[in-house]
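Visitor: Sequence and predicted structure, then a few things I'm wondering about:
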Amino acid sequence: MDYITKNSVMTIETQRKMIFSLKKKYPCLGVRLIGKSLCQRGIYSLHIGKSENPLLIAAGFHGQEWMTSLLALRFAELLMRAKAYRSTLCGIDAACISREIIIVPCVNPDGVQIAINGVDGACEYAENVREISASSNEKWNANARGVDINHNFDAGWNKLRSMEIEEGIVGPSPRRYGGYMPESEPETITLVNLTKARRPRAVIALHSQGEEIFWEYGEKKPPESERLAKIFSAASGYTLIRNSGLASHGGYKDWFIEKFNRPGFTVEIGKGKNPLPLQDFDGILKDTIPMLTLAAIL
Ligand SMILES: [Zn+2]
């Protein structure tokens, strides 16, 4: 039986049920509550195996991109199943995957809930979200106080802030506002703390959409990044691409590359309009599961 299925949109309650169904089926799956969002929703990490230098996969940074959470959880399920039944995943013997895989399925649970349920998803921030939404035509991607989590990491943040202002983003917004200072948001701090504590060998940040892989931060190219990026591109058919404009700074991948000088990737899954329709999910799985499995062993 599959526990992670594409039958429904990924409300935070659905995600929580999926996580704990997986834990029940595979008791050796580690599940930790690593932080809470502004609206006090849990931010979880899943741990498959145990080792130094883990691979960290994080998803659900942006509200409209909840399909990334579905993908991250489905990957966790496929990996747990292959390990439990001593079988293979994408032709790779699960016994060869000795590195710990850490999965954070949803970094921004409030943003996802607001994207799916509107202001009702924002709890005590509902009025705030209503006001911000009223002055914008953009769909909601930010957290509950209108900060874009992937603009809130401490990498070139001041430069990014100036660029946002030039684009007319001067305060809380459905997307692309980086906050009043870097790491101002509990969701950002949660991922920063996990990353500092575990010092991953590489990180993959899942976003949608575009079928693209970003692997540099400015001129910074950590050792092995290019080799891995080329392998991921070959495995997925996704295009390698350089950052430009407002996607140049402040992201998790940018911060990780700058802080650790280790490979960090942003993978934009699927192609079309966010939120991607559920019928695209099978194709996305086919493209990305081999890449994620290779990332686990390389
Ligand atoms: Zn995104």
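Guide: That came through, no problem. Numbers count the residues shown, from 1 in each chain.
Visitor: measure the residue minimising distance to the centre of the chain to residue 151 for me?
Guide: Nearest residue to the geometric centre of the chain (Cα atoms, centre = their mean): residue 59, 1.9 Å. Look at residue 59 and residue 151: by Cβ to Cβ, to the nearest Å, they are 17 Å apart. Every C-beta, even on glycine, is put in place using the N, C-alpha and C of the backbone.
Visitor: What pLDDT is listed against residue 3?
Guide: pLDDT for residue 3: 82.
Visitor: Now the closest residue to the ion within the stretch 51-200 of the chain: closest residue in space, sequence neighbours ignored.
Guide: With Cβ to the ion as the measure, residue 62 is the residue of the stretch 51-200 of the chain nearest to the ion, at 3.7 Å. Distances taken as Cβ to Cβ, 6 or more residues apart in numbering place residue 141 nearest to residue 62, at 4.0 Å, with adjacent residues excluded.
Visitor: before we move on, the earlier item: contact partners for the residue nearest to the centre of the chain?
Guide: 65, 68-69, 71-72, 103-107, 205-206 (Cβ atoms under 8 Å, 6 or more residues apart in numbering).
Visitor: And what about the closest residue to the ion within the stretch 101-250 of the chain, helix, strand or coil?
Guide: Nearest residue of the stretch 101-250 of the chain to the ion (Cβ to the ion) works out as residue 207 at 3.3 Å. For residue 207, the secondary structure call by DSSP: H, G, I helix; E, B strand; the rest coil comes out as strand.
Visitor: Then residue 295?
Guide: helix.
Visitor: now the nearest residue to it once chain neighbours are set aside: how far from residue 253?
Guide: Leaving aside its chain neighbours, residue 295 sits nearest to residue 55 (5.7 Å; criterion: Cβ to Cβ, 6+ apart). Remark: distance between residue 55 and residue 253 (Cβ to Cβ) = 14 Å.
Visitor: and if you look at residue 91?
Guide: 28 Å.
Visitor: Please say which of these two ends up with more neighbours.
Guide: residue 253 (25 against 7; other Cβ atoms under 10 Å).
Visitor: Can you tell me the element that one falls in?
Guide: helix 252-260 (DSSP states H and E).
Visitor: what's in contact with that helix?
Guide: By Cβ under 8 Å, 6+ apart, helix 252-260 touches 58, 61, 107, 150, 153-156, 191-192, 195, 199-200, 203, 205, 214, 216-217, 220, 222, 225, 243, 248, 262-266.
Visitor: before we move on, back to that, anything in contact with each of residue 55 and residue 253?
Guide: With Cβ under 8 Å, 6+ apart, residue 55 and residue 253 have common neighbours residue 203.
Visitor: still on that earlier bit, just say helix, strand or coil for the residue nearest to residue 62.
Guide: coil.
Visitor: Quick one: residues contacting residue 285.
Guide: 71, 74.
Visitor: do residue 296 as well
Guide: 55, 79, 97, 99, 101.
Visitor: let's see it at 7 Å
Guide: Applying Cβ atoms under 7 Å, 6 or more residues apart in numbering to residue 296 gives the contacts 55, 97, 99, 101.
Visitor: Check residue 63 too.
Guide: 108, 111-112, 114-115, 140-141.
Visitor: what do you get for residue 4?
Guide: 18, 70, 73-74, 77.
Visitor: Try it again at 10 Å.
Guide: 10, 15, 18-19, 21-22, 69-78, 105 (Cβ atoms under 10 Å, 6 or more residues apart in numbering).
Visitor: Up against the ion, what does this protein have?
Guide: Counting by Cβ under 5 Å from the ion, the chain comes close to the ion at 62, 65, 207.
Visitor: Repeat the analysis, applying 6 Å as the threshold.
Guide: 61-62, 65, 150, 207 (Cβ under 6 Å from the ion).
Visitor: hang on, the earlier thing: can you tell me which two in the contacts of residue 59 are farthest apart?
Guide: Farthest pair in the contacts of residue 59 (Cβ to Cβ) is 65 and 103. Separation: 15.4 Å.
Visitor: out of those two, which sits in the more crowded spot?
Guide: residue 65 (28 against 25).
Visitor: thinking again about what came up before, so which of the residues of the chain next to the ion is surrounded by the most neighbours?
Guide: Going by other Cβ under 10 Å, residue 61 tops the residues of the chain next to the ion with 30 neighbours.
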